[in-house]
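K.L.:
Need a 3D model of the following:
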Amino acid sequence: MDIGMIQRGIFQRKEAHPDFKDSYDAVVVGLGTAGTEAALCAAAFGLKTLGVEKQIAMGGQSTIGCVWFQGKGPAPAPNPADVLKNHHTTFPIQRMSIPERMVLYEREADEVGLDLSYETFVVGVYLEDHCVKGVRLCRNGIVCDIAARIVMDCTGNGSVARMAGCRMILGRKFDHGQAAISKAILQEKRGGQRPRYGFFRDNPVCSAQEYSNIIERISRKWPALWNARASRVLLEAAIPGMREEGHVETEEFVTLRDCLAGKPVQRPIFHTFEPLDLVRIDEDWAFEDEDVQTWKALCGLLCFGFFASLPYGTLLPKNIDSLLVPSKHFGVAHDAGSGIRMMADMRKTGIAAACATVLSIRMGVPLRNVPYDRLKKMLDTCGVTVFPRKREISLWSSRGTPLKPFSNEEIITALKQDVTPPDSWIYRAKNGPRERAAYAYGSVWTANFRRSPEERKFLAEMLFSEMEKKGRFAGNFAVALGLLGDRRACPVLRGIVSKPGAANPDGCDPVIPDAYPNRIKALCLLGRLGDREAISLLRDLVLDDAQRFTADLPVNGKQKKTRDQYRFDALSFALFSLVSLLRQYPDSKVLDTLLAWKRQPFVLPAGRDQYDCAPMLKRILDSLSS
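P.N.:
Modelled structure (predicted):
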């Protein structure tokens, strides 16, 4: 038998001779939102279960993390015995206060016979070939080996999976950047108790030491109160809100494109409808993968949600047996995982993992061979497989009339206006002109993988006809045509970049307060469309540091943009497009010019905390210089 460990950030596997002090059917590591459900559910089904948690309570973000939203109505007063029978399916625990929730978890743990070990760390995983056989625990400096038939890694960061040798996929492709870190406090005001969040800049490619330093800085910083006159602090979070800490490579891996394309899912364990809530406080959308760029910057679907079905394979790490990975590090990509990480979904991953564990042990089959019909029956009983009300891209909020799929004519009508993005706060969205314009762009984009070639061609002809009319809305239709991948949009997009604003002879780029400018969208699309003629325009924009390009754009307003933030957006999209175009059409003179620009010192403060983003911009050119 071997033991897998992480030493100085590197996976090490060594021969070992464990001295198992106890043996369990299931060991659940990490008793956060997913782990609490997994441990309680497994124990309730009769498995001898051990819950391991490095903190001093169960619940994670839903308790000591202070992430709690009270229901609008008064909390009911249920019979505690009824609650403890099966709280995760019969009682809305989101209506309970944090102390009540913590007490409930402890009482249920006692009722179902769940063994708990707080302030305990897993420091090693025992393996026989590719099968997990147990874990090494450390508490108060004392090491203890525990045998387990199945281990559930519910840590949220995949730390147990890493020790088992699983491959981790970190953040976005460019620099492995992940969602921002937050810290919450619970405050009381006249309307009840509410959490308040402070967001902090992440450092996605940092060392373990720098990561530790980030956590220390967050712990010392205090988020401002929403309403200082009517509030008092009740509780400060004991743990930071780590929205994303990598994803385990699993048997099945779900991307945002899979969700939007309606890719058929075999063996679904739950369904959800969530917003693309990727918190990037530097708003560096150009550095994100293409679908996130499109959702956030080109379409402006800020307050919209998407439907997803998650297959059983997202809980099964590749090439490792007797290990499950529920919680936010399960098998979803960075883009989809920015939405599929909410508490309700994480609870479902924990319940699904517990049900699979029960069947695997009772039937004596590997986790991969658990019969899905039996699994689905258990999940149905637990209420996990219920479909959400919305199953297409739609407003996440329930305010206003629900949007239905647009016809081509409705798309054209929605884009004949000065387009400004909807409110980014998902609860404020309603079915108004701004939301309809964003939805129209989204309808055009998703036509690439939801409509037939003939239908896309017909839509493209309608958009092209409107674009050819020039005038105030031509830029909107050029962006829409570009989203369809139609190169006929390039002349108008080039014209917007070369002569933006009032200088545009066709009036295609009006300066609109509160809009995300079409000229910046054009920078992105010209690279995607492979427009060779745009290379010189983009080069000149970069050499000017986007000064003239952004000079007339309105600052602050709804977008809360500073001049430097506009410059950062423009330069980042222009540089990524240049990299793409120069790979297709190599030009040594342009490359030398850009590398000379890269060597020049300059500072560009941008983002929420006004960090110097110039090093990020220069890093874009590294792939060309190498």
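K.L.:
Compute the distance between residue 430 and residue 619, please.
P.N.:
40 Å (C-beta to C-beta, to the nearest Å). For glycine as for every other residue, the C-beta is placed from the backbone atoms N, C-alpha and C.
K.L.:
Show me what counts as buried in stretch 22-32.
P.N.:
24-32 (16 or more other C-beta atoms under 10 Å).
K.L.:
The residues you listed: which two are farthest apart?
P.N.:
Pairwise distances across the buried residues of stretch 22-32 peak at 21.0 Å for 25 and 32 (criterion: C-beta to C-beta).
K.L.:
wouldn't residue 49 be in contact with residue 26 here?
P.N.:
Yes: with contact defined as C-beta atoms under 8 Å, residue 49 counts as touching residue 26 (4.7 Å).
K.L.:
mind checking the backbone torsions on residue 618?
P.N.:
Residue 618 adopts backbone torsions of phi -70, psi -30, taken as degrees, to the nearest 10.
K.L.:
Nearest residue to it in space, please, no chain neighbours.
P.N.:
residue 598 (4.9 Å; C-beta to C-beta, 6 or more residues apart in numbering).
K.L.:
doesn't that neighbour fall inside a helix?
P.N.:
Yes: under DSSP: H, G, I helix; E, B strand; the rest coil, residue 598 sits within a helix.
K.L.:
what's the pLDDT at it?
P.N.:
Reported pLDDT at residue 598 in the predicted model: 94.
K.L.:
Likewise for residue 389?
P.N.:
86.
K.L.:
Leaving out chain neighbours, which residue sits closest to it?
P.N.:
In space, residue 389 is closest to residue 273, 7.4 Å off (C-beta to C-beta, 6+ apart).
K.L.:
Alpha carbons only: can I get the helix or strand containing that neighbour in CSV?
P.N.:
Assigned by DSSP states H and E, residue 273 belongs to strand 268-275. Below are the C-alpha coordinates for strand 268-275, written out as CSV (Å, rounded to 0.1, in the frame of the first residue of the first chain):
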residue,chain,number,x,y,z
PRO,A,268,-28.0,13.4,-14.6
ILE,A,269,-27.8,13.8,-10.8
PHE,A,270,-29.4,17.2,-10.6
HIS,A,271,-30.6,20.2,-12.7
THR,A,272,-30.1,23.8,-12.0
PHE,A,273,-30.6,27.4,-13.3
GLU,A,274,-28.0,29.8,-12.1
PRO,A,275,-26.5,33.2,-13.1
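K.L.:
In whatever helix or strand comes next after it, which residues are buried?
P.N.:
Downstream of strand 268-275, the first helix or strand assigned by DSSP H and E is helix 290-293. Neighbour-count burial for helix 290-293 flags 291-293 (criterion: 16+ other C-beta under 10 Å).
K.L.:
Centre of the chain to helix 290-293, how far?
P.N.:
Remark: helix 290-293 is offset 12 Å from the chain centroid, using C-alpha atoms, centre = their mean, to the nearest Å.
K.L.:
let's have the chain start at 19 instead
P.N.:
Sounds good: first residue 19 from here, last item helix 308-311.
K.L.:
Which strands and helices lie in contact with it?
P.N.:
Using 3 or more C-beta pairs under 8 Å, 6 or more residues apart in numbering; DSSP states H and E, the elements in contact with helix 308-311 are helix 274-278.
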